[in-house]
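Student: structure, please.
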Amino acid sequence: MISQAQFEKEIEGIIANAVREDVGDGDHSSLACIPESAQGKAKLLVKDNGVIAGVAFAKMVFEYVDKNLKIETLIEDGSQVKFGDVVFYVEGASQSILKAERLVLNAMQRMSAIATKTKSYVDLLEGTGTKILDTRKTTPGIRALEKWAVKIGGGENHRFALYDMIMLKDNHIDFAGGVTAAITKTKTYLKTNNKDLKIIVEARNLQEIEEILQNGGVYRILIDNFNYEDTRTAVKLIGDTCLTESSGGINEDTLRKYAECGVNYISSGALTHSVYNMDLSLKAV
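Tutor: Next up is the predicted model:
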């Protein structure tokens, strides 16, 4: 994953762009009927059950919009919530609260959905030693938020983007001329460009796993779309040479069975691309 400084820069960019997109030259609905001097208070109300996520992000949004807004936090990120819970109160200029409202809700609803789904996967894996990973199958422009939500839900982050890890998938291997050619060229590229990036290589069958192992220098092997029997065989072949990761259509029904094959990680795009937003509201009090 990227550094904390890079991550914070991503979040800052998301906030700035989202406010630009939503506010434009002004929140004319609020400007038209609410005096600039008006003060108000609102609560973040939960209308669903799950894991809350985005509280810290909401604080950043409110501070960006108006540094004088005050937030009283009742429930922290990662906590289980139920219908009727109040997560926080925000108090200050009514215009500022309304300006930030939609960005806060949009982000928290999606982040909470992702955290909730991730937590359900983490619970299914309990006791296996296997960790759940996210992927790059994220919503364009808000990847940092979605990966943050995975962490809040107890999952682990895969690479952030194309630049922070080498991942040789089937198309790379085919375009490069095979497994050995792809790995050899990658090692040369990293050395020539003085880059220290971990290498993950996808295997489509046991023969490719054997070829990957013969080349060496690989951080993790992606055991993609294998059945349970072949996954167990692959894990045995790999041993302690490098880490292992299963992927490919793994869901709630098959997750634990793949974990019991002995893989270190299971990656799932569903954590971020197949969720339903948690129902949250920001209500004046």
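Student: and the spatially most central residue of the chain, what's its pLDDT?
Tutor: Centrality entry for the chain: nearest residue to the mean C-alpha point is residue 147, 1.8 Å, by Cα atoms, centre = their mean. Reported pLDDT at residue 147 in the predicted model: 98.
Student: next one: residue 253
Tutor: Reported pLDDT for residue 253: 95.
Student: surely it is in a strand?
Tutor: No - going by DSSP: H, G, I helix; E, B strand; the rest coil, the assignment for residue 253 is coil, not a strand.
Student: just to revisit the earlier point, quick one: the residue nearest to the centre of the chain from residue 79, how far?
Tutor: Here residue 147 is placed at a distance of 19 Å from residue 79 (Cβ to Cβ, to the nearest Å). Yep, even glycine has a C-beta here, placed from its N, CA and C like the rest.
Student: rewinding a little: what helix or strand does the residue nearest to the centre of the chain sit in?
Tutor: Following DSSP states H and E, one finds residue 147 within helix 143-152.
Student: list the contacts of that helix.
Tutor: 1, 7, 10-11, 14, 51, 53-54, 57, 77-78, 107, 110-115, 118, 134, 136, 138-139, 156-157, 160-161, 271-272 (Cβ atoms under 8 Å, 6 or more residues apart in numbering).
Student: same thing with stretch 260-271?
Tutor: Counting by Cβ under 8 Å, 6+ apart, 114, 117-118, 121, 125, 128-135, 137, 150, 153, 155-156, 158, 220, 222-223, 228, 231-232, 235-236, 243-247, 250-251, 255, 258-259 sit against stretch 260-271.
Student: hmm, try it at 6 Å
Tutor: Stretch 260-271 is contacted from outside by 117-118, 130-135, 137, 150, 158, 228, 231-232, 235, 243-247, 250, 258, using Cβ atoms under 6 Å, 6 or more residues apart in numbering.
Student: run through the helices of the stretch 51-200 of the chain in chain order.
Tutor: 55-65, 94-124, 143-152, 170-176, 179-192 (DSSP state H, counting those that start in this stretch).
Student: contacts for stretch 78-94 next, please.
Tutor: With Cβ under 6 Å, 6+ apart, stretch 78-94 has contacts from 34, 38, 40-44, 46-47, 49, 52, 62, 66, 68-75, 97, 152.
Student: end to end, how far does it reach?
Tutor: 28 Å (Cα to Cα, to the nearest Å).
Student: now that stretch: average pLDDT?
Tutor: pLDDT averaged over stretch 78-94 gives 98.
Student: do stretch 127-142 as well
Tutor: Average pLDDT, stretch 127-142: 97.
Student: buried sites along that stretch?
Tutor: Neighbour-count burial for stretch 127-142, counted by 16 or more other Cβ atoms under 10 Å, picks out 128, 130-135, 138, 142.
Student: again with stretch 182-197
Tutor: So for stretch 182-197, counting by 16+ other Cβ under 10 Å, buried means 182-183, 186-187, 190, 197.
Student: confirm residue 29 sits in a helix?
Tutor: Yes - remark: residue 29 belongs to a helix, assigned using three-state DSSP.
Student: what about the spatially closest residue to it that is not a sequence neighbour, neighbour count?
Tutor: Distances taken as Cβ to Cβ, 6 or more residues apart in numbering put residue 98 closest to residue 29, at 7.6 Å, once the chain neighbours are dropped. When counting by other Cβ atoms under 10 Å, one arrives at 19 neighbours for residue 98.
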